[in-house]
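[1] this one's sequence-less:
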């Protein structure tokens, strides 16, 4: 980035700082100024134009190097842009594209406006391909497609980030990932980056960080910068996934900026345009005609005590195409991942499943409903009929199948085999250890194209089952 003295010599428009107040300042004298423009100050501070009126322009300070009233200010760029390019893969950067990983400066291919408009409806195309998350309850019951917007909600420390990191790990040779970290503590940021490196996922991932120690304006701009980076790869005909971790912290930053800018507060003190901010961001995802790639948005939202009626949570749910809910109660019971499949939904992802996978999903859902009903009835302590016992047994098998440890993922083919075996083959006297044995064995069998229950022959069953069964 140019220094102040170098930019001053180029003869750009000059203005003056009239007041400084915390993370904002006001400027006068700059002609033809636009909202979103980037300013460079005499102290080498950097600012972002938030609003303009007849008297002054309100500036959000991106980088404060001791700014004082009266100093000269210069117009640096008409809009806030981020450098983009393939060279950013494997790197950890801030919203200006500057490295945070103690490595060399990244050479950009071009610059992109971070507030790029979403593509109009007429240019949009249907979704066509399922994302292999590697998680059985997701890929069977709540499938996500490339180009979809799927919210991930739940209390803090219920496994949301762990789930997303394993999803990212499972995208090797399938998609590019842009991971935006917003408002996280340094140890959480380091833990996330370390896991991506250890699993080899950094090879196809760009991490953009706005930690909890950064100014609120940085946290506010981070998801837009990440989206601009993701759009670059999308326009290169690649399937791209962007993770916003998380948008509840982004909303808090925007609330703080708005209150400091004297914007009238609304519900929960959030400004009235918070919905528009998130809608503008998430609507940039999708698929467009004449482009083999896609942009998938996975916004993470923290809730409190399983409450999905919070302001930000309901906003995000209404914008996205479905939600995956991490249940605190299930987490405390030991379920991993702690996904509540009853209230989680994917509104458009099922379109990309084949007929057999849809049949499996329907049968699994029916079995889980019967299990819930039978479990409630069993609490009365009466003698249970054989059919109720079978429903309980099937539900327990499926719950064991759905339990996956960190790093444990399965291909769509492996999931088809496992679900088929548990649903359509009688497995008497099976316990958790037997199911886990089958889950290990399924990784050793060769791929069978278009696998259905017709392929479940005696030799395959014998190979998968424990010897004592």
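    Thanks, I have it. These figures come from a predicted structure and were not determined experimentally. Numbering: from 1, shown residues only.

[2] For the rest of this, base every contact and every neighbour count on C-alpha atoms.
    OK.

[3] In the helix ranked longest in the chain, which residues are buried?
    The longest helix of the chain (DSSP state H) is helix 355-378. The neighbour-count check on helix 355-378 (16 or more other C-alpha atoms under 10 Å) flags 357-358, 360-361, 364-365, 367-368, 370-371, 374-375 as buried.

[4] same deal with stretch 83-97?
    Under the neighbour-count criterion of 16+ other C-alpha under 10 Å, stretch 83-97 has 83-85, 88-97 buried.

[5] Provide a list of residues in contact with residue 384.
    By C-alpha atoms under 8 Å, 6 or more residues apart in numbering, residue 384 lies in contact with residue 378.

[6] again but with residue 237, I slipped
    291-294.

[7] same thing with residue 260?
    By C-alpha under 8 Å, 6+ apart, the contact set of residue 260 is residue 24.

[8] picking up where we left off before, turn the contacts of residue 237 into TSV, including neighbour count, secondary structure and pLDDT.
    TSV is the format used below for those (neighbours: other C-alpha atoms under 10 Å; DSSP: H, G, I helix; E, B strand; the rest coil; pLDDT from 0 to 100):
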residue	neighbour count	secondary structure	pLDDT
291	15	coil	94
292	13	coil	94
293	21	coil	96
294	30	strand	97
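
[9] Among the residues you listed, find me the one that's closest to residue 69.
    Closest to residue 69 out of the contacts of residue 237 is residue 294 (46.4 Å), distances taken as C-alpha to C-alpha.

[10] Just to check, the closest one is in contact with residue 146?
    Yes. Between residue 294 and residue 146 there is a contact under C-alpha atoms under 8 Å: 6.0 Å.

[11] hey, what's in contact with both of the two?
    By C-alpha under 8 Å, 6+ apart, residue 294 and residue 146 have these common neighbours: 239-240, 286-287.

[12] of the residues you listed, closest to residue 182?
    Nearest to residue 182, judged by C-alpha to C-alpha, of those is residue 240 at 19.3 Å.

[13] packing partners for the stretch of helix or strand that closest one belongs to?
    Taking DSSP states H and E as the criterion, residue 240 maps to strand 239-245. Contacting strand 239-245 under the criterion 3 or more C-alpha pairs under 8 Å, 6 or more residues apart in numbering; DSSP states H and E are the following elements: strand 176-182, helix 216-235, strand 294-302.

[14] who's in contact with the first one?
    Right, strand 176-182. The contact list for strand 176-182 (C-alpha under 8 Å, 6+ apart) reads 168, 189, 204-212, 219, 222-223, 226-227, 229-230, 233, 238-247, 249-250.

[15] Measure how it sits relative to strand 294-302, angle-wise.
    With axes from the mean of the first three to the mean of the last three C-alpha atoms, to 10 degrees defining the directions, strand 176-182 sits at 30 degrees from strand 294-302.

[16] Describe which strands strand 176-182 pairs with in its sheet and in which direction.
    If you go by DSSP bridges, strand 176-182 pairs up with strand 205-210 (parallel), strand 239-245 (parallel).

[17] Turn those strands into JSON lines, columns for distance to residue 182.
    As requested, these are exported to JSON lines (distance: least, C-alpha to C-alpha, whole Å):
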{"stretch": "strand 205-210", "distance to residue 182": "5"}
{"stretch": "strand 239-245", "distance to residue 182": "6"}
